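# sequence-free structure coming up:
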């Protein structure tokens, strides 16, 4: 057509692939326009096919993820009950309630009991990951003193520190405000971080937990777990919070476990709208930091309860 911009716009809205003014029409321009229209159609068809392929792939990945989560949940529940029974009967024998035992038997049974405890921790991690993936891991926030939480976590880990001949201590800045948090979950984060620090610190080393006030412009509390262990290579620091990430021995990072502890720590801190990161120097040690905003937990309220969901 002999057109104006209005006619061009109307034609394109109607689905035209191109627009040729009559006064500029030629075999060359017409051939170019046809080629352009065909190319545009082919590109649109290819994009649509890729979109369908991505949708099918995404649906398959969701299905597999749901299967894995279901497997985690089923495995944890099916193993936890008999494992608890095994541990209780081992404890009964250690306590002499089933008859006298000698020192060698007591030592071996103690190893079995510790192994049961380790397996229970692993199963609990699997359950937490399954809850995270299905949006069923909830936190129950309340105003809590951070010094109480730090003290409880350190007290729980003292036996492990003493058996490894490592000095475990904590320092909490005075007059820290009470924080809106799920104390049980924050203790879980702290014991996880302390446990890792103890595991990779040699006998005679130190692990220190500190809690301090963040600068006024940030507000909230900064918690740090510092160790004098072997440290973490720079190229690995961005990966250690990934789910199921397990560094090999040559990487000189975390060995053993299921590779879920730090991932759970990250997700729990995120539920509190905080941040978690690590700073480390090879051969000198590592410090894991996480923040707790004063009102960082998002409330979902009804008339009776308040809870936080993933």
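Ah, there it is. For clarity, every value in this text was computed on a predicted model and none was experimentally measured.

# Is the residue nearest in space to the middle of the chain in a helix, a strand, or coil?
The centroid of the chain falls nearest to residue 263 when counting by Cα atoms, centre = their mean (2.8 Å). Here residue 263 is recorded as helix under DSSP: H, G, I helix; E, B strand; the rest coil.

# I figured it hits residue 242, correct?
Yes. Using Cβ atoms under 8 Å, residue 263 is in contact with residue 242, at 6.4 Å. Every residue, glycine included, has its C-beta placed from N, CA and C.

# coming back round to it: helix or strand: which one has the residue lying closest to the residue nearest to the centre of the chain once chain neighbours are set aside?
Excluding the flanking residues, the one nearest residue 263 by Cβ to Cβ, 6 or more residues apart in numbering is residue 243, at 4.2 Å. Under DSSP states H and E, no helix or strand contains residue 243.

# Same check on residue 35?
Using DSSP H and E, residue 35 maps to helix 27-94.

# list the helices and strands that helix packs on?
Applying 3 or more Cβ pairs under 8 Å, 6 or more residues apart in numbering; DSSP states H and E, one finds that helix 27-94 contacts helix 103-133.

# what does the average pLDDT come to for the helix it packs on?
Average pLDDT, helix 103-133: 80.

# ok, and for it, which residues are buried?
Buried residues in helix 103-133, counted by 16 or more other Cβ atoms under 10 Å: 109, 112-113, 116, 120-123, 125-133.

# And stretch 159-174, by the same measure?
Of all the residues in stretch 159-174, those buried under the rule 16+ other Cβ under 10 Å are 161, 164, 166, 168, 170, 172.

# In a strand, the fifth one, correct?
It stands for residue 170. Yes. Using three-state DSSP, the assignment for residue 170 is a strand.

# Excluding sequence neighbours, find me the nearest residue to it.
Residue 170's closest residue in space is residue 209 (Cβ to Cβ, 6+ apart), at 4.1 Å.

# Regarding the one you found, what is its secondary structure?
strand.

# how many other residues sit next to it?
By the measure other Cβ atoms under 10 Å, the count of residues near residue 209 is 23.

# does it really touch residue 224, like I thought?
Yes. At 7.2 Å, residue 209 counts as touching residue 224 under the criterion of Cβ under 8 Å.

# Could you measure from residue 94 over to residue 156?
Distance of residue 94 to residue 156, computed by Cβ to Cβ, to the nearest Å: 21 Å.

# Of these two, which one has the most company?
Neighbours of residue 94 and residue 156, each counted by other Cβ under 10 Å, are more numerous for residue 94; the result is 18 against 14.

# Report the contact partners of residue 281.
Contacts for residue 281 (Cβ atoms under 8 Å, 6 or more residues apart in numbering) come out as residue 231.

# list the contacts for residue 288?
Listed by Cβ under 8 Å, 6+ apart, the contact set of residue 288 reads 193, 196, 197, 224, 225, 276, 277, 278.
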